[in-house]
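*Asks:* Pasting the sequence and the predicted model now:
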Amino acid sequence: MDTEKKVNGFVGGLGFILAAAGSAVGLGNLWSFPYKTSQHGGAAFVFVYIISVIVMGFIVMIAEIYLGKRAQANPVSSYKKINNNLGWIGLLSIFVPFLVTCYYAVLGGYTVKFTLNSFSDNTSVMQSFSGNVGEVILYTAIFMILVMVVIMAGVQKGIEKSSKILMPILFVILVGIVMCSLFLGNGVLEGLNYYLNPDFSALGFDGVLAAMGQAFFSLSLGMGVMISYGSYTGKNIKVGKSAMMIAIFDTLVAFLAGLAIFPAIYHYYAETGIELTNSGVVLMFSSLPIVFKSLGIAGNIVSFFFFGMVSIAAITSAISMLEVATQFIIQKFSIKRKKAIAIVGSIGYLVSVPVGISLGFALTGKEGMTIAGQDWLTFFDLIGNTVLMPVCAFGACIALGWFTFKGKNAKENLSSNYLCSQLEEDGLKLGKFGKVFSFMVKYITPILIAVVEIFGIIDIVFPTQNGAREFSGNGLVVVVTAYAIMLVFIVLYFLFLKKKETGSNEDEITKNLS
Ligand code: PFF
């Protein structure tokens, strides 16, 4: 007889760390980090990024993993366990990654296409592929199906197992490519100099904001993911140490991606004429293929491994985004896992179709297919990532810092040392760092997140045009839409979820929903 109690979660600490690292390491590290670094003054950007990871990212990550671990349930139930009025933050944290999936899957489809096309000419694919609706829809579907298959197999057999296999492969390929890049010869030093020698004058406030936002996105924070994955961990896991390893690994991968890309771009500058500073968003999909092409057949092979690695990174991230909604649906509606992911994945895919078409329009310079003056991808990204994500991250800090433990009097409620002792009693053992963490999560980190939110909004509504800030009606529409969505979720929560049972991880076992 099977005497071991079945649990719905990761088998071990390493499985959890790799799965969470799989979520964190994605297009954010391999695609946006290098291009944002190139736009905002090289190492100066990297410097602010690392500070943001330490003072905000790391703190929010511990908070979210702990919230999930403590409740052993989906984000809505996790917040409800703290206070019945906070559950809407969980609901919003489920919606945001779902929204992100709808464009992430399109980009994921691009990476799959570039991988498979590595042995032909990838240099003009960006143009020809992005404008070809049928192909974009097909590759987005392939990407989505890969993600759904893993989630279908469950937390242990799907998510944990795939992370244990894919993450080491990704890392080995990345290190290999860095090696190739560093030994290219001419131009390598210039590339390294650009990347590692800070130019703070090129950073500006915009750069600081971009670095802060990037840190959140890259670590998958404010998205319910760390709550959900945290809920699948057992008692013996060390939250602080795990969060540190995840954050270090994620930052290391982003840093290595820069080491792979900058020297290569500089080395091939003479042949390709590509300058880093004007590569921007197209750095990965246009500039790198030109570099690969100039390497001949060896370039095809490097291209295959490079884009294969990016696909892997994107898949493990998308898995985490969709798992959040899947977990909630399984637990709230007592639906089987297979059915839940079929529903979540299909809706996500349907929405990603117009996103893919709209992106193709934008990239090929066609008019039309915009919302509020933006292509759909940018629109979704602004709503999800710029406006709503910080709200969820802020919510995690406030919920943990101010609502989880009630003191006897105002003095205790205001004291971060009191919070620290309560957290310790509750099993969050952070040693000497406990007091710092408690103070940060209660006071400092929420303020910093509020700054990210407020200036993010200012940047949307009053974007800088020709050196001066100007009001943008479209920007206002974006922000109003985002807050309207938030309001809808708040209302939905109070109407339909507040007084109802919203389930926990155990349900998947006890109700036989796997
Ligand atoms: N962290 C991922 C990346 O850097 O690409 C992106 C991501 C994953 C965002 C999971 C949101 C999320 F829920």
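*Replies:* In hand now; what should we look at? Numbers count the residues shown, from 1 in each chain.

*Asks:* Next to the ligand, which bits of the stretch 101-250 of the chain? Give me the list.
*Replies:* Within the stretch 101-250 of the chain, the positions lying close to the ligand (C-beta under 6 Å from any ligand atom) are 217, 218, 220, 223, 225. In short, each C-beta sits where N, CA and C put it, glycine included.

*Asks:* How about the chain?
*Replies:* Residues of the chain lying near the ligand (C-beta under 6 Å from any ligand atom): 23-24, 26-29, 97, 100, 217-218, 220, 223, 225, 317, 320-321.

*Asks:* from the residues of the stretch 101-250 of the chain next to the ligand, which single one is nearest residue 476?
*Replies:* Nearest to residue 476 among these: residue 217, at 23.3 Å, using C-beta to C-beta.

*Asks:* May I have whichever strand or helix holds the closest one exported as PDB, CA atoms only?
*Replies:* Per DSSP states H and E, residue 217 falls inside helix 204-218. Extracted in PDB, the C-alpha atoms of helix 204-218 (Å, rounded to 0.1, in the frame of the first residue of the first chain):
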ATOM      1  CA  GLY A 204      18.500  59.600 -16.800                       C
ATOM      2  CA  PHE A 205      15.300  59.200 -14.700                       C
ATOM      3  CA  ASP A 206      13.700  57.300 -17.500                       C
ATOM      4  CA  GLY A 207      16.500  54.700 -17.300                       C
ATOM      5  CA  VAL A 208      16.100  54.400 -13.600                       C
ATOM      6  CA  LEU A 209      12.400  53.700 -14.000                       C
ATOM      7  CA  ALA A 210      13.000  51.300 -16.800                       C
ATOM      8  CA  ALA A 211      15.500  49.400 -14.600                       C
ATOM      9  CA  MET A 212      13.100  49.200 -11.700                       C
ATOM     10  CA  GLY A 213      10.200  47.900 -13.900                       C
ATOM     11  CA  GLN A 214      12.600  45.500 -15.600                       C
ATOM     12  CA  ALA A 215      13.600  44.000 -12.200                       C
ATOM     13  CA  PHE A 216      10.000  43.200 -11.400                       C
ATOM     14  CA  PHE A 217       9.200  41.700 -14.800                       C
ATOM     15  CA  SER A 218      12.300  39.700 -14.900                       C
END
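
*Asks:* Now the element after it, going C-ward?
*Replies:* Sequence-wise, the next helix or strand downstream of helix 204-218 (DSSP H and E) is helix 225-231.

*Asks:* Next secondary structure after that following helix?
*Replies:* helix 239-267.

*Asks:* so for that next one, what's the average pLDDT?
*Replies:* Averaged across helix 239-267, pLDDT comes to 95.

*Asks:* Check which helices and strands that helix is in contact with.
*Replies:* Under the contact criterion of 3 or more C-beta pairs under 8 Å, 6 or more residues apart in numbering; DSSP states H and E, helix 239-267 touches helix 13-24, helix 33-39, helix 43-52, helix 58-71, helix 161-182, helix 188-196, helix 204-218, helix 287-294.

*Asks:* Go ahead and name everything in contact with the next helix or strand after that helix.
*Replies:* Going down the chain from helix 239-267, the next helix or strand is helix 269-272, by DSSP H and E. Identification of contacts with helix 269-272 by C-beta atoms under 8 Å, 6 or more residues apart in numbering yields 186, 187, 275, 287, 290, 291, 294.
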